[in-house]
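Visitor: coords please:
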Amino acid sequence: MKKEHPFAALAQFLPEGTYDQVIPYFREHTIHLTLTKERKSVLGDYRMPVADHPVHRISINATLNPYSFLITLLHELAHMFVYNRYKGSVAPHGTEWKEQFSRMLIPYIGIHFFPPDIEKALIRYIHNPKASTCTDTHLYKALYRYSHNKEGWTLLEDLAPGAQFSIGGGMRYLIIEKRRTRYRCQELKTGKMYLFPAIYEVKKEE
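Guide: Have a look, this model is predicted:
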């Protein structure tokens, strides 16, 4: 179930020192912010004002680490600014959004809000932001290291060929070999071969 939070509660979800930079957005615009449980396919979303809900609506996964939370929040706020200017006449993650998102990220760079590894990946990311941080390998890996990950789960690239893993649902796999950014793996029950991204989250099996 979704739960709306007072804006003062934002501070506990953001990196130290960033609340004062973020809160003016909420004072200057009518935004309903909702914090949700973990969603596998999305970290956050933005919904434009409509007749039944004439306000901007943003939802963010409350389970994100502070750095992912801030980046995701700015991502969704960038959608709000693009909507205010273009009213849906441009692509959701087109040039206009990329430029807006980059401008909003830049003030947080070089002030030690982010750990060095995340900041390095973020500087690279800013030049051409993707629709999701999950699709930027360097940034995703840097952010993943600061998440409260489930015990026994890790990125596939942290396992060596010959290791076994599962992804839920009772299916177990054997890592055969690495192919650039993907791993060729065999499903143990059927013998079928699959390619998994190196940054796929898996559970190591003994």
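Visitor: buried ones in the helix or strand containing residue 204?
Guide: Here residue 204 sits within strand 201-205, counting by DSSP states H and E. Going by neighbour count (16 or more other CB atoms under 10 Å), the buried part of strand 201-205 is 201-202. The way it works is simple: take the backbone N, C-alpha and C, and place the C-beta from them, glycine included.
Visitor: now what about that strand, what contacts it?
Guide: 144, 149-150, 152-156, 159, 163-168, 172-173, 196 (CB atoms under 8 Å, 6 or more residues apart in numbering).
Visitor: that one - what's its average pLDDT?
Guide: For strand 201-205, mean pLDDT is 92.
Visitor: what lines up beside it in the sheet?
Guide: The strands that strand 201-205 pairs with in its sheet are strand 153-155 (antiparallel), strand 164-166 (antiparallel) (by DSSP bridges).
Visitor: return the set of buried residues in the next helix or strand after the last one.
Guide: Once the chain leaves strand 164-166, the next helix or strand it forms, by DSSP H and E, is strand 172-179. Residues of strand 172-179 classed as buried under the neighbour-count rule (16+ other CB under 10 Å) are 172-175.
Visitor: can I get the residues you listed in CSV with distance to residue 39?
Guide: Output for these, formatted as CSV (distance: CB to CB, whole Å):
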residue, distance to residue 39
172, 26
173, 24
174, 30
175, 28
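Visitor: between those, which is closest to residue 59?
Guide: residue 173 (32.9 Å; CB to CB).
Visitor: check what pLDDT the closest one gets.
Guide: For residue 173, the predicted pLDDT is 97.
Visitor: what bridges to it?
Guide: residue 165, residue 187.
Visitor: quick check: it touching residue 189?
Guide: No - Residue 173 lies out of contact with residue 189 (CB atoms under 8 Å); the separation is 9.7 Å.
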